[in-house]
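*Asks:* Sequence below, structure please.
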Amino acid sequence: HEFPTAETSSSSSSGLPPLKLPPGRSAHPPSSAPLPPPPQPPPPPPPKPQPPPPPKLVRPPPAPPKGAAPKPPGRGSSGDGSDVDSETGASKTKLKPFFWDKMANPDQKMVWHEISAGSFQFNEEAMESLFGYNDGNKNKIAQRGDSARESPVQYIQIIDTRKAQNLSILLRALNVTTEEVVDAIKEGNELPVELLQTLLKMAPTSEEELKLRLYSGDLHLLGPAERFLKILVDIPFAFKRIESLLFMISLQEEVSGLKEALSTLEVACKKLRNSRLFLKLLEAVLKTGNRMNVGTFRGDAQAFKLDTLLKLSDVKGTDGKTTLLHFVVLEIIRSEGVRALRL
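*Replies:* Next up is the predicted model:
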């Protein structure tokens, strides 16, 4: 008996003719052959680009006042033209400058290290109100009218008119004659101190002295002052003699005055060194000056020369009356009043 093969059984069951395979091939692949790997999945699509965020709204800077040029921002100043405090970074109203003499490296033996951490505080609002910068103040110019001068007698003018007028008035006031002055200068006699001082102040310049020496006309054609100086310049070393006479007369008085002044200065220095209010004054001036000069090379001072105290009255407020000296003194009085209440 012949057993049916797979080809005959499948063909007979389906009613189709049997398939013919090429030689060397079998209907069933060998079980040892590896299966092909599955295909790789396609890569994901790239992400869509995100749209850029909308631009932020930026407010334009405020327009400068009419007629004023915009101030470029720089060190110690903000973009809106106001000064900036170097310590806090806060915007400061620009004040009038205070021209003082800074001391770069104060000696430890001085008093500045004692007042660097003082408690003095000035009224910022009052200071800005009084000493706020105002360009309009710079355009105020006082106009003075020149009065016409009429001379009843026309003299030959050689020296300055004002100098001649002052010398003529002095000669009439002291009631001295030209001959008395000439004799005193030649002989070394005493003359009034006021006259000697005025003669030195009214001494002719080199050009005026040359004109007086070269004048050979009638002396009566010269004015009283020119006539007097014409006679003086003909005396050898006349003004050197006047200096010697003045020194001889005022020597003892000058020595006594210097001794008294030095004694007063010594006592004053001792009192100031031990004065709490004087240290408070230095502290107030130092802080006030630094506030007025904030944002400039004059600011951030650690000390100043004492002659700065003489310049406090030169800085006037917007009212034209109150000076920086008034402001500092009033602020010290207010500070001391608060201190007294606390005690």
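
*Asks:* Point out the other helices and strands that the helix or strand Phe247 falls within packs with.
*Replies:* Assessed by DSSP states H and E, Phe247 sits inside helix 238-273. For helix 238-273, the packing partners by 3 or more CB pairs under 8 Å, 6 or more residues apart in numbering; DSSP states H and E come out as helix 178-187, helix 193-201. From N, CA and C alone the C-beta is placed, and that goes for glycine too.

*Asks:* Same question for the helix or strand just after the shortest one: list its buried residues.
*Replies:* The helix or strand immediately downstream of helix 193-201 is helix 206-214, counting by DSSP H and E. Neighbour-count burial for helix 206-214, with 16 or more other CB atoms under 10 Å as criterion, is recorded at Glu208, Glu209, Lys211, Leu212.

*Asks:* In those residues, find the pair that's most separated.
*Replies:* Glu209 and Lys211 (7.4 Å; CB to CB).

*Asks:* how close does Ala104 get to Leu191?
*Replies:* 50 Å (CB to CB, to the nearest Å).

*Asks:* more crowded one of those two?
*Replies:* Leu191 (19 against 7; other CB atoms under 10 Å).

*Asks:* neighbours around the closest residue to the more buried one other than its chain neighbours, how many?
*Replies:* Nearest residue to Leu191 in three dimensions, chain neighbours excluded: Ala184, at 4.8 Å (CB to CB, 6 or more residues apart in numbering). Using other CB under 10 Å, Ala184 has 19 other residues around it.

*Asks:* from memory Ala184 sits against Ser244, does it?
*Replies:* No: shown here, Ala184 and Ser244 do not form a contact pair, counting by CB atoms under 8 Å, at 11.8 Å.

*Asks:* Pull up the overlap in contacts between the two.
*Replies:* Contact criterion CB atoms under 8 Å, 6 or more residues apart in numbering; residues shared by Ala184 and Ser244: none found.

*Asks:* All the helices of the chain, in order from the start?
*Replies:* 6-14, 112-115, 124-131, 161-174, 178-187, 193-201, 206-214, 224-233, 238-273, 276-292, 324-342 (DSSP state H).

*Asks:* Mind listing residues that contact the fourth one?
*Replies:* Read it as helix 161-174. Gln157, Pro192, Glu194, Leu195, Thr198, Met202, Gly223, Pro224, Ala225, Glu226, Phe228, Leu229.

*Asks:* how about those, which pair is most distant?
*Replies:* Gln157 and Pro192 (27.1 Å).

*Asks:* hmm, back to that, could the helices and strands packed on helix 238-273 go into CSV alongside mean pLDDT and distance to Ser335?
*Replies:* As requested, these are exported to CSV (pLDDT from 0 to 100; distance: least, CB to CB, whole Å):
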stretch, mean pLDDT, distance to Ser335
helix 178-187, 88, 59
helix 193-201, 86, 46
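
*Asks:* Dump those to JSON lines, plus distance to Leu219.
*Replies:* Output for the helices and strands packed on helix 238-273, formatted as JSON lines (distance: least, CB to CB, whole Å):
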{"stretch": "helix 178-187", "distance to Leu219": "10"}
{"stretch": "helix 193-201", "distance to Leu219": "19"}
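
*Asks:* Those: which one's closest to Phe122?
*Replies:* Phe122 lies closest to helix 193-201 among the helices and strands packed on helix 238-273, at 43.7 Å (CB to CB).

*Asks:* Pull out the buried residues from that closest one.
*Replies:* Neighbour-count burial for helix 193-201 flags Leu195, Leu196, Thr198, Leu199 (criterion: 16+ other CB under 10 Å).

*Asks:* a markdown table for those residues, including distance to Ser129?
*Replies:* Formatted as a markdown table, the buried residues of helix 193-201 follow (distance: CB to CB, whole Å):
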| residue | distance to Ser129 |
| --- | --- |
| Leu195 | 52 |
| Leu196 | 52 |
| Thr198 | 47 |
| Leu199 | 52 |
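
*Asks:* So for the nearest residue to Val111 once chain neighbours are set aside, what pLDDT did the model give?
*Replies:* Of all residues not flanking Val111 in the chain, Leu279 sits nearest, at 6.1 Å (CB to CB, 6+ apart). Looking at Leu279, its pLDDT stands at 90.
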